[in-house]
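[1] next come a sequence and a model predicted from it.
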Amino acid sequence: MGKKHTILVVDDDDMNLQMAEFILKKEMDVDVVLAESGYKCIAFLQKKMAIDLILLDIQMPRMDGIKTLETIRSHAEWKDIPVIFLTASADRNTVVKASQLKVDDYIKKPFTPADLVERVNKVMATKMLDSPDMAKLFADLENLGK
């Protein structure tokens with residue numbers, strides 16, 4: 001069995017942080033790290049924490065989700081970390097900007113446990129298929145028949 005995945009949840013609303021942490025720990029075998037701002041998110045990444053997925057609130061004071069995602073995508077070590085936006089409402093400009101920054105999915109707040117788990121699993125599964133280890137495994141499987 002491999003290492004547990006680590007999910008970083010970033011939201012300025014403590015209730016959303018606690019709810020996401022509870023659901024993810026109860027429904028999935030993952031470690032959860034909480035950050036209440038975009039600045040704290042970047043601080044965790046700077047500590048070289050191995051983060052497998054980021055759940056990122058769009059509307060936060062000072063450093064919003066878009067600015068945080070721009071920072072993540074501009075850094076070579078972090079640019080490929082999957083990011084799912086948490087949003088109560090997304091206007092057209094935000095959606096366009098998020099698409100340009102390659103956001104992996106959206107979860108509308110308030111979220112249901114089933115929706116959160118389903119979307120996180122989908123993005124994590126896609127990440128696993130794109131990993132170099134999986135590419136090697138598929139290549140090895142392909143070569144078995146030769």
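    Thanks, I have it.
[2] for the protein, what helix or strand is lowest in average pLDDT?
    Within the chain, no helix or strand scores below helix 132-144, which has a mean of 58 by mean pLDDT, DSSP states H and E.
[3] contacting residues for the residue most central in space within the chain?
    By Cα atoms, centre = their mean, the chain has its centre lying nearest to I54, at 2.5 Å. The contact partners of I54, by Cβ atoms under 8 Å, 6 or more residues apart in numbering, come to I7, L8, V9, V10, C41, I72, I81, P82, V83, I84. (Glycine included, C-beta is placed from N, CA and C.)
[4] ok, what's across the strand from the first one?
    Beta-bridge partners of I7, counted by DSSP bridges, are V32, L53.
[5] that one: neighbouring residues, count only.
    I7 has 24 neighbours, counted by other Cβ atoms under 10 Å.
[6] and if you look at the last one?
    The criterion is other Cβ under 10 Å. On that basis, I84 has 22 neighbouring residues.
[7] where does the residue nearest to D14 when sequence neighbours are not counted fall, phi/psi-wise?
    With sequence-adjacent residues excluded and distances taken as Cβ to Cβ, 6 or more residues apart in numbering, D14 is closest to E36, at 7.0 Å. Dihedral pair for E36: phi -100, psi 10, per degrees, to the nearest 10.
[8] and for V9?
    Reported as degrees, to the nearest 10, the phi and psi values for V9 are phi -100, psi 120.
[9] K79 now?
    Note on K79: backbone dihedrals following degrees, to the nearest 10 are phi -60, psi -20.
[10] L69 is in contact with that one, correct?
    No. Look at K79 against L69 with Cβ atoms under 8 Å: they stay out of range, at 10.3 Å.
[11] ok, the two, which is more surrounded?
    Remark: of K79 and L69, L69 carries more neighbours, 23 against 11, as counted by other Cβ under 10 Å.
[12] pretty sure that one contacts L56?
    Yes. The pair L69 and L56 passes the contact test of Cβ under 8 Å, sitting 6.5 Å apart.
[13] got any residues that touch both of the two?
    Residues touching both L69 and L56 by Cβ under 8 Å, 6+ apart: V83, F85.
[14] list the contacts of D11.
    Neighbours of D11 in contact, by Cβ under 8 Å, 6+ apart: L17, A20, E36, L55, D57, M60, L86.
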